[in-house]
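Undergrad: Give me coordinates for this.
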Amino acid sequence: MLRRQLLHFGAFTLGGLPVSLVHAQGGTQKKLVVVMLRGAVDGLSVVAPYGEREYATSRPQIALAAPGAEDGLIKLDSLFGLHPSLSPLKRHWDGGQLAFVHASGSPDPTRSHFDAQDYLESGTPGRKSTPDGWMNRLLTALPGEPAPTRAISQGSTPPRIFAGTASVASLGLGPNAMQRRAIDDPQMQSGLAKLYANDAQLSGTLRDTTQGRGEMSRSMAGGEAKSMDPSADAGAPSARSFAADARRLGTLIRKDAHTQLAFTAVGGWDTHVNQGAARGQLANRLASLGEGLDALSVGLGDTYRDTVIVVVSEFGRTLRQNGNGGTDHGRGNVIWLLGGPVAGGQMLGEWPGLDASALADGRDLAVRTDFRQVLTPLLQRHLGLSETALATVFPQAPQTWRYADKLLRA
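TA: Residues are numbered from 1 along each chain as shown. Below you'll find the predicted structure:
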């Protein structure tokens with residue numbers, strides 16, 4: 001079983017920490033970080049369409065007040081406002097480094113967390129037989145030279161998005177994420193080398209593991225590694241601890257020039273009960289998330305100008321609040337784009353409206369932009385993928401997005 005897991009995920013665990021590393025093709029200065037909000041965050045609260053009459057009437061207890069009112073939204077334009085708990089991100093919007101794509105998501109209509117997350121991570125909506133994740137395929141398709149820490153997954157378990165033949169470096173959670181483990185013991189390394197001596201693939205993974213952990217430890221030297229403190233969440237940590245982990249991840253990316261891809265996940269967004277408005281359950285989690293994304297940018301330092309951060313969730317939530325003061329599983333959501341290369345300060349995509357005739361299944365914000373239409377121009381224009389390579393990452397890619405040229409700075 002250990003062998004099968006290693007070959008499938010390119011990872012194995014010793015001392016409680018997944019420690020596999022990249023067999024890839026080198027680093028460049030262009031970087032992509034994907035943050036997944038497991039549990040289906042309410043995009044209609046993250047970026048609320050306060051300019052639509054149906055928004056407030058459909059949510060008598062949980063609609064956010066218009067900009068300028070007490071506890072009101074942060075105005076983005078005449079239609080949309082940002083949740084007030086996300087105020088740390090306003091400076092990124094004002095600085096032209098934050099944009100949103102509303103009414104976006106997967107074309108598959110499933111309302112199952114498990115299936116929707118699987119489709120989002122495999123990059124093949126509606127097809128369950130895909131064996132690997134799109135970020136693993138991206139890793140093998142990137143141009144450049146090999147490096148042991150080219151891709152990093154932050155978390156306690158290997159995510160579906162990085163499943164595949166290419167190995168991925170794994171960074172744990174919490175202030176002890178880089179403390180010494182059994183794999184760092186020279187005697188353990190020697191013993192494992194002998195055990196796998198006759199298996200080229202396993203011995204190669206072990207070699208990359210030990211080299212990569214050493215590289216990550218050196219990158220985090222100087223005390224920064226310790227200076228910061230099957231459900232809808234799929235094992236993802238809550239937003240409460242995200243800020244410290246996000247800053248740690250950003251610091252590692254900044255200090256290791258080889259790192260080009262990174263993934264992390266945050267859980268706790270399945271707000272069926274007592275969701276709240278400007279205050280309450282969702283507001284508290286968004287406050288921690290906003291603080292964490294800002295901390296990630298701070299950790300990235302100068303590399304923020306070459307980094308695109310994409311925040312996604314498996315689907316949105318219903319327009320109308322339910323009888324428990326919450327929202328149920330819906331369809332369209334909002335994709336967040338953050339970073340120096342982003343042509344920010346704007347809302348992108350096609351907004352279908354909230355009129356009853358425009359709702360999906362008569363209840364949900366419709367999906368007008370396939371999530372792959374947003375990712376595709378990032379992979380091509382930001383990371384330099386060719387058309388041929390792109391076809392391997394998203395083999396069922398939809399037609400070109402009409403807003404693709406507006407996504408990144410010229």
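Undergrad: Now do the closest residue to residue 234 other than its chain neighbours against residue 266, distance only.
TA: In this structure, residue 234 finds its nearest non-sequential neighbour in residue 38, 5.2 Å apart by Cβ to Cβ, 6 or more residues apart in numbering. Placement of C-beta: from N, CA and C, glycine included. Residue 38 is 7 Å from residue 266, where distance means Cβ to Cβ, to the nearest Å.
Undergrad: any shared contact partners between the two?
TA: Listed as contacting both residue 38 and residue 266 by Cβ atoms under 8 Å, 6 or more residues apart in numbering are residue 236.
Undergrad: So for these two, which residue has more residues nearby?
TA: Between residue 38 and residue 266, residue 266 has the larger neighbour count (other Cβ atoms under 10 Å), namely 29 against 24.
Undergrad: Isn't that one up against residue 234?
TA: No - when contacts are counted by Cβ atoms under 8 Å, residue 266 is not listed as touching residue 234 (11.0 Å).
Undergrad: anything in contact with each of these two?
TA: residue 38.
Undergrad: lowest-pLDDT helix or strand in the chain?
TA: Ranked by mean pLDDT, DSSP states H and E, the weakest helix or strand in the chain is strand 13-14, scoring a mean of 32.
Undergrad: Could you look up the SS state of the closest residue to residue 77 other than its chain neighbours?
TA: Spatially, and ignoring its direct neighbours in sequence, residue 77 is nearest to residue 347 (6.4 Å; Cβ to Cβ, 6+ apart). Following DSSP: H, G, I helix; E, B strand; the rest coil, the label given to residue 347 is strand.
Undergrad: Dump stretch 290-301 to CSV, restricted to CA.
TA: Extracted C-alpha coordinates of stretch 290-301, given in CSV (Å, rounded to 0.1, in the frame of the first residue of the first chain):
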residue,chain,number,x,y,z
GLY,A,290,-8.5,38.2,4.6
GLU,A,291,-5.8,38.6,7.2
GLY,A,292,-4.2,35.4,5.9
LEU,A,293,-4.2,36.4,2.2
ASP,A,294,-2.7,39.8,3.2
ALA,A,295,-0.1,37.9,5.3
LEU,A,296,0.7,35.7,2.3
SER,A,297,1.4,38.8,0.3
VAL,A,298,3.7,40.2,3.0
GLY,A,299,5.5,36.9,3.3
LEU,A,300,6.1,36.9,-0.5
GLY,A,301,7.8,40.3,-0.2
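Undergrad: quick check: mean pLDDT across it?
TA: Stretch 290-301 shows a mean pLDDT of 98.
Undergrad: Can you give me the buried ones in it?
TA: 290-297, 299-300 (16 or more other Cβ atoms under 10 Å).
Undergrad: what ranges do the strands span in the stretch 151-300 of the chain?
TA: 151-154, 169-171, 261-266 (DSSP state E, counting those that start in this stretch).
Undergrad: How about the stretch 1-150 of the chain?
TA: Ranges of strands in the stretch 1-150 of the chain, per DSSP E, counting those that start in this stretch, are 13-14, 17-18, 31-37, 47-48, 74-75, 81-82, 98-105.
Undergrad: any idea of the mean pLDDT for the longest one?
TA: For strand 98-105, mean pLDDT is 98.
Undergrad: Name the residues that touch that strand?
TA: 43, 47, 49, 76, 80, 89, 92, 315-316, 331-338, 342-352, 365-371, 374, 403, 407.
Undergrad: Separate out the buried members of those residues.
TA: Among the contacts of strand 98-105, those classed as buried by 16+ other Cβ under 10 Å are 43, 47, 49, 76, 80, 89, 92, 315-316, 331-338, 342-344, 346-349, 351-352, 365-371, 374, 403, 407.
Undergrad: Look up how far residue 286 lies from residue 280.
TA: Distance, residue 280 to residue 286, by Cβ to Cβ: 10 Å.
Undergrad: Compare neighbour counts for these two and give me the winner.
TA: residue 286 (25 against 15).
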